[in-house]
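> Output the structure for:
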Amino acid sequence: MGFLFFNSLFSAAIVSILLLFHCAANASNVTHDSRAFLIDGNRRILISGSIHYPRSSAQMWPDLVRKAKEGGLDAVETYVFWNVHEPVRRQYDFNGNLDLIRFIKTVEAEGLYVILRIGPYVCAEWNYGGLPVWLHNMPGVKFRTINEVFQNEMENFTKFIVNMVKKEKLFASQGGPIILSQIENEHGNFWKEFGEAGKAYIQWCAKMADGLKIGVPWIMCNQGGAPKPMVEACNGFYCHGDEKAPQNKDNPKVWAENWTGWFKDWHNSDPHRPAEDIAYAVARFFQKGGSLMNYYMYHGGTNFGRTSGGPYITTSYDYDAPLDEYGNLRQPKWGHLKQLHDALHRMEYALAYGVVNHTSYGNGVWATVYRTNDKSSCFLCNDNAKVDANINFGGLDYFIPARSVSFLPDCKEEVYNTAKVYAQTSNYVKKPNKAEDEPSSLKWLWRPENLEATVVQGKGDFSVNNIIDQKDMANDASDYLWYMTSFELRNDDPMSNETVLLSVGDSGQVLHVFVNGAYIGSKWSIGKNRDYTFEQYVSLSPGHNLITLLSVQVGLAHYDYEYDLQRTGILTPVKLILEKGNNTIVKDLSSNKWSYKIGMDGFTKKIYETKVCSKINWSSDSLRLNRNFTWYKTTFKAPLGNEPVVVDLLGLGKGVAWVNGHNIGRYWPTALAGEPSCDNIEYCDYRSGIGFNSICRDNCNEPTQRWYHIPRSFLKDGENTLVLFEEFGGNPTRVLFQTVEIGSACVNAYEGKEAELSCNNRTISGVKFASFGNPQGVCGSFKQSNCVSKVDLVSLLEKECVGKKSCSFEVSEDKFGWANCERKRLAVEVECQE
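Below you'll find the model as predicted:
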């Protein structure tokens, strides 16, 4: 027995030694100089993209990461989201799509690096910027400055994540994929406001992070002059200006967030950033010595549950990213950037090691040469936003469109230009659920939310003699917080049997008001000014009167100096106002006894969960429509195929939706997009540049968000259950389950390169338009011009493409015929088979 034990012990020791040797043998040494990051002594030019693991399902991760790799990325970046991992102090959650380790290993399996931005403040349009609300409610706390309470909690969580990752040997120094990590985030944006205490806090962050000995560099975003050994990084639409250069001259140029689009909030239109503009920004960054660039976002995804920040950030976090919310390739953005990455990778050695020389050709035109003893690589840049350029460089002629950059890996052949798009445009459409005949097949049940305790009786769980901030009272346990107060009116009180004005201040989210058991109205803000006052005339009776206010949170603030202190919920004063003759009588109820109750009855009972849902009573008689505070339930069959699934909630008001117990997020299809005003996306000109106030927009006067993503992993074979909590009142009979499929594809490419058209896994069923010369318009609305080839291109391409899943061709006169234009383009639109 002793021999067997010794033998087993000896074998286990050998295995452990071999594992340690394997990890040590595969460990990478990640350092940096002023030019680039070095991996095992080799300078690298690195391209990364943000994919946030909680904004998709774990089952989606392999496909998203594979598409990132196919798109030419070297690394995947993600934040770590403190408030979902530690929702209650010292109680941790890494299950399901919160499984950080599984996500990192998924990236590693594809051979990509990982950039782990621990923060733990993340911004990210995430609820409360990723910080837990329980931290806000700890006595004496002050966020993101020298404060013992905050620092202790931040350090505890940071160490927890680092130790968890170290245990799995996932840092590059251990043989893992993580080559960089980040501490804090965008603190420098409020450098003046934080003052000396903020500067001391950043020094503390750097020292604390460095002391964790992770074996790879730490970065700090938007932190000019970050303490050594932290590496500075910039965020923004552009990062090539001299003002963006690191203040620490031994730092390489790092671009942690290249915004591929923008987020969307309720009542706003859809933001877009052209592929040509992103490509131009990337090219200029690397032309001017950039070393690492990360797309924020590469896949935006979905704010499931209550994770969206704001307030008023939508459930969709699509971000106009290269991979859309559902994981589809957003073309031409994905393809145009893939071609850019391919060109950069061909130039990597010269960019990392070459001696650089810039030559001006005047009028905003530049040539940049990176020269080594072995090879040279070049950029030709036209910074002029209005005038195209024709230049002779190295004895060869080049055409450089306005505001564009050409890549010449050998300083001779132009392999890529940021304004010359050869990637196809893919148009996706929503298709009906072929598994059943909707909406008639959906049988709806309903039940009212139980409002007796709050609206009629005014019963709460806590009572105090003042109005309390919603964060302080609810601790972010629910979107919903009831405020209730009652008072007595004597018969001789001037307000008895009178109509008086009820005035309630609110912090800009949603407010529902009840008086003496009756619903009297609701209000919410639209636009940037979040605070407002609800005013409504009400009738009061002698004796007992009850006012019930339901405050509804739509995401907590995630960004600003002291954003954590922004008021939420009801604001003082709450007043009753009576105008009687020349007199104004005011009753201020702010210091009354107020009772509070967190959440709705149905939420507390979890009637959205499948097991609970099937055991409670639902009514099938006389379906109640357009009724506020109502629950609805139906069952449905999962749509056929593998395409992404969405639910169309047009017809509903505002509320929350669950599929098989999974919270797919807040819905609000009655919130129409109207501010700021929209541009016609057809005329979105990349040459104008992009900024906060100049990003392209569309979808005006339409629902801000109509379709809501249901990951396939949320569905099951057979019967599925959809539960809705309708807050405003709506009509669920219009609900539809649909799939997102490619409907058509286009190319609009300059002469001289190969173009490809693909219907993904579907076949090309027809050629709708084809023209070579100078076609006008965009995909879906192409038109012939006066300059056009006489060849019957529709018939030619029908023979080459119809019946195939993809087809490719050289864009040339030899192929498509002569046209009397100086710069010729080919425009083609094909239809994809259903």
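
> Run through the strands of the stretch 451-600 of the chain in chain order.
462-464, 480-489, 499-506, 510-515, 518-523, 532-539, 543-552, 570-580, 583-588, 594-598 (DSSP state E, counting those that start in this stretch).

> ok now stretch 657-673, how far from the chain's centre?
Using CA atoms, centre = their mean, to the nearest Å, the mean C-alpha position of stretch 657-673 is found 16 Å from that of the whole chain.

> With stretch 96-107 instead?
On the basis of CA atoms, centre = their mean, stretch 96-107 sits 18 Å off its chain's mean C-alpha point.

> how about it: buried residues?
Neighbour-count burial for stretch 96-107 flags 97-100, 103-107 (criterion: 16 or more other CB atoms under 10 Å). In this view, the C-beta of every residue, glycine as well, is placed from N, C-alpha and C.

> What ranges does the stretch 301-450 of the chain have for its helices?
For the stretch 301-450 of the chain, helices defined by DSSP state H, counting those that start in this stretch occupy the ranges 333-353.

> show me the contacts for residue 482.
For residue 482, the residues meeting the contact criterion (CB atoms under 8 Å, 6 or more residues apart in numbering) are 454, 460, 548-551, 595-598.

> cool, and residue 451?
Applying CB under 8 Å, 6+ apart, we find residue 451 in contact with 601, 629.

> List phi and psi for it.
phi -110, psi 10 (degrees, to the nearest 10).

> Now do residue 337 against residue 414, distance only.
17 Å (CB to CB, to the nearest Å).

> These two: who's more crowded?
It is residue 337, of residue 337 and residue 414, that has more neighbours when counted by other CB atoms under 10 Å, with 26 against 20.

> pLDDT wise, what is that one at?
As predicted, residue 337 sits at a pLDDT of 98.

> which one is it nearest to, not counting chain neighbours?
In space, and not counting its chain neighbours, residue 337 is closest to residue 322: 5.9 Å by CB to CB, 6 or more residues apart in numbering.

> Verify the stated contact: residue 330 with residue 323.
Yes - at 6.5 Å, residue 330 counts as touching residue 323 under the criterion of CB atoms under 8 Å.

> When those two are compared, which one has more neighbours?
When residue 330 and residue 323 are compared for neighbours, residue 323 comes out ahead with 28 against 24, by other CB under 10 Å.

> Identify the bridge partners of the more buried one.
When bridges are assigned using DSSP bridges, the partners listed for residue 323 are residue 299, residue 329.

> mind checking how far it is from residue 374?
36 Å.

> on that earlier part again, what remains of the contacts of residue 482 if I keep only buried residues?
Neighbour counting by 16+ other CB under 10 Å classes 454, 460, 548-551, 595-598 among those as buried.

> ok, back up a step: need the strands of the stretch 451-600 of the chain in JSON lines (columns: mean pLDDT).
Compiled in JSON lines, those are given as follows (pLDDT from 0 to 100):
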{"stretch": "strand 462-464", "mean pLDDT": "96"}
{"stretch": "strand 480-489", "mean pLDDT": "97"}
{"stretch": "strand 499-506", "mean pLDDT": "96"}
{"stretch": "strand 510-515", "mean pLDDT": "98"}
{"stretch": "strand 518-523", "mean pLDDT": "97"}
{"stretch": "strand 532-539", "mean pLDDT": "96"}
{"stretch": "strand 543-552", "mean pLDDT": "97"}
{"stretch": "strand 570-580", "mean pLDDT": "94"}
{"stretch": "strand 583-588", "mean pLDDT": "95"}
{"stretch": "strand 594-598", "mean pLDDT": "98"}
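
> okay, these in a markdown table with distance to residue 722 next?
Output for the strands of the stretch 451-600 of the chain, formatted as a markdown table (distance: least, CB to CB, whole Å):
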| stretch | distance to residue 722 |
| --- | --- |
| strand 462-464 | 34 |
| strand 480-489 | 21 |
| strand 499-506 | 31 |
| strand 510-515 | 23 |
| strand 518-523 | 25 |
| strand 532-539 | 32 |
| strand 543-552 | 21 |
| strand 570-580 | 32 |
| strand 583-588 | 45 |
| strand 594-598 | 26 |
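
> These: which one's closest to residue 279?
The closest approach between residue 279 and any of those, judged by CB to CB, belongs to strand 510-515 at 40.7 Å.

> quick one: that closest one to chain centroid distance?
Averaging C-alpha coordinates over strand 510-515 and over its chain gives two centres that are 31 Å apart (CA atoms, centre = their mean).

> Would you mind confirming that the residue nearest to residue 337 makes contact with residue 273?
No - contact between residue 322 and residue 273 fails when scored by CB under 8 Å: they sit 10.7 Å apart.

> any shared contact partners between those two?
Taking CB under 8 Å, 6+ apart as the contact criterion, the residues that touch both residue 322 and residue 273 are residue 260.

> Name the surrounding residues that touch stretch 85-102.
Around stretch 85-102, the neighbours that count as contacts under CB under 8 Å, 6+ apart are 53-54, 56-58, 61, 80-81, 84, 132, 134-135, 153, 157, 160-161, 164-165, 168, 170, 304.

> Selecting buried members of the residues you listed in ChimeraX, what would you type?
With 16+ other CB under 10 Å as the burial test, the buried ones among the contacts of stretch 85-102 are selected in ChimeraX as follows:
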select :53,54,56,57,58,61,80,81,84,132,134,135,153,157,160,161,164,165,170,304
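
> Tell me which of the contacts of stretch 85-102 fall in helices.
Residues of the contacts of stretch 85-102 located in helices (DSSP state H): 61, 84, 134-135, 153, 157, 160-161, 164-165.
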